[in-house]
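> Below are the sequence and a predicted model for it; my questions follow.
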Amino acid sequence: MKKIQTKFFYRLFILLILCFCGQTDKVFAQKIEVGGGLGVFNYKGDISPSFKFRFFKPGGSLFFRYNPNQALSLRAEVAAGLIGADDKYSEDPVHLARNRSFRTRITEASAVAEYNFLDYQEKRFAVNWTPYVFGGLGISNFKPDVVTADYKTTSLVIPYGVGIKYQIKRPWNIGLEYGTRKTFSDYYDDLGGNPITTIPTDQGDPSRKDTYYYIRLSISYTFYRIVCP
């Protein structure tokens, strides 16, 4: 049975490559871009109600970008990293008395559209750069190191933000991006709206969902020619 499944997926993979190559020409290839990025995650929620630089945690991502025209880019991305915060750095006496901390691993998949403000062209000798804004939809899976209640660890997210990209030397591009993720969960910090105990300091704010941020530097490669069998 396992051999049959392996042969099936192998043949399906070859078929997809042949179909892709049959419809790929030079113009289409110039619109395909793949890349990766390294950066930092941050968080805002019950334990850190405001953005604090000390809570930056490492993260990274891989992405595929399709550029149908000069103004629009479509991007699919997979990112992973950490978020965390600690009450001991707060100036709020209630937070200091609560004295909670957390660290959560995040894995995210998203699809966004980018709008390029400048005439971003793929020309051999062009000096190409543009600021852009982006927005889309994604899904996030999170795993706190300590889980004190029973809750879902997957949430729909709305990624949006700004960035700038620059073609340093054909076919290589670099970019800098700042993105916010609006979530629909209050448990990224393991402190949600439902009471954990009867102690007031152990209660989360049910009116506020958690938010996290991803700031990254990226490098990508544009395919100007795709060699097919």
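Nice, I can see it.
> neighbours of the closest residue to Gly35 other than its chain neighbours, just the number please.
Leaving out its chain neighbours, the residue that sits closest to Gly35 by C-beta to C-beta, 6 or more residues apart in numbering is Ser220, at 2.7 Å. Where you see a C-beta, it was placed from the backbone N, CA and C, and this is true even at glycine. Residues near Ser220, counting by other C-beta atoms under 10 Å, number 20.
> Can you list the buried residues in the helix or strand containing Ser220?
Assigned by DSSP states H and E, Ser220 falls within strand 211-223. Counting neighbours by 16 or more other C-beta atoms under 10 Å, one finds that the buried residues in strand 211-223 are Thr211, Tyr212, Tyr213, Tyr214, Ile215, Arg216, Ser218, Ser220, Thr222, Phe223.
> need the helix or strand of this structure with the lowest average pLDDT.
helix 2-22 (a mean of 51; mean pLDDT, DSSP states H and E).
> ok, back up a step: the strand holding Ser220: how far from the chain's middle?
Distance of strand 211-223 from the chain centroid (C-alpha atoms, centre = their mean, to the nearest Å) equals 8 Å.
> Quickly run through the sheet partners of it, with directions.
Strand pairing for strand 211-223, using DSSP bridges, gives strand 32-44 (antiparallel), strand 172-183 (antiparallel).
> Please tell me how far the longest one is from the chain's geometric centre.
In this view, strand 32-44 has its centroid 6 Å away from the chain centroid, taken as C-alpha atoms, centre = their mean.
> which parts of that strand are buried?
Buried positions in strand 32-44, judged by neighbour count with 16+ other C-beta under 10 Å: Ile32, Glu33, Gly35, Gly37, Gly39, Val40, Phe41, Asn42, Tyr43, Lys44.
> residues in contact with the fifth one?
In other words, Gly39. Applying C-beta atoms under 8 Å, 6 or more residues apart in numbering, we find Gly39 in contact with Pro58, Gly59, Gly60, Ser61, Gly81, Glu177, Tyr214, Ile215, Arg216, Leu217.
> In JSON lines: those residues, plus distance to Asp205.
JSON lines is the format used below for the contacts of Gly39 (distance: C-beta to C-beta, whole Å):
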{"residue": "Pro58", "distance to Asp205": "27"}
{"residue": "Gly59", "distance to Asp205": "25"}
{"residue": "Gly60", "distance to Asp205": "31"}
{"residue": "Ser61", "distance to Asp205": "30"}
{"residue": "Gly81", "distance to Asp205": "24"}
{"residue": "Glu177", "distance to Asp205": "29"}
{"residue": "Tyr214", "distance to Asp205": "23"}
{"residue": "Ile215", "distance to Asp205": "25"}
{"residue": "Arg216", "distance to Asp205": "29"}
{"residue": "Leu217", "distance to Asp205": "33"}
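> ok, those residues vs Asp150, which is closest?
The shortest approach to Asp150 among the contacts of Gly39 belongs to Gly81, at 24.9 Å (C-beta to C-beta).
> In a strand, the closest one, correct?
Yes: Gly81 sits within a strand when classified using DSSP: H, G, I helix; E, B strand; the rest coil.
> and it, how far is that from Arg105?
As judged by C-beta to C-beta, to the nearest Å, Gly81 and Arg105 stand 8 Å apart.
> Name the residue in the two with the higher neighbour count.
Gly81 (22 against 15).
> what stretches of the chain score poorly on pLDDT?
The model of the chain has pLDDT under 70 over residues 1-30, 121-127, 193-203, 225-229.
> Identify the bridge partners of the residue nearest to the spatial centre of the chain.
For the chain, Ala79 is the residue whose C-alpha lies nearest the centre (C-alpha atoms, centre = their mean; 4.6 Å). Using DSSP bridges, the beta-bridge partners of Ala79 come out as Ser61, Glu108.
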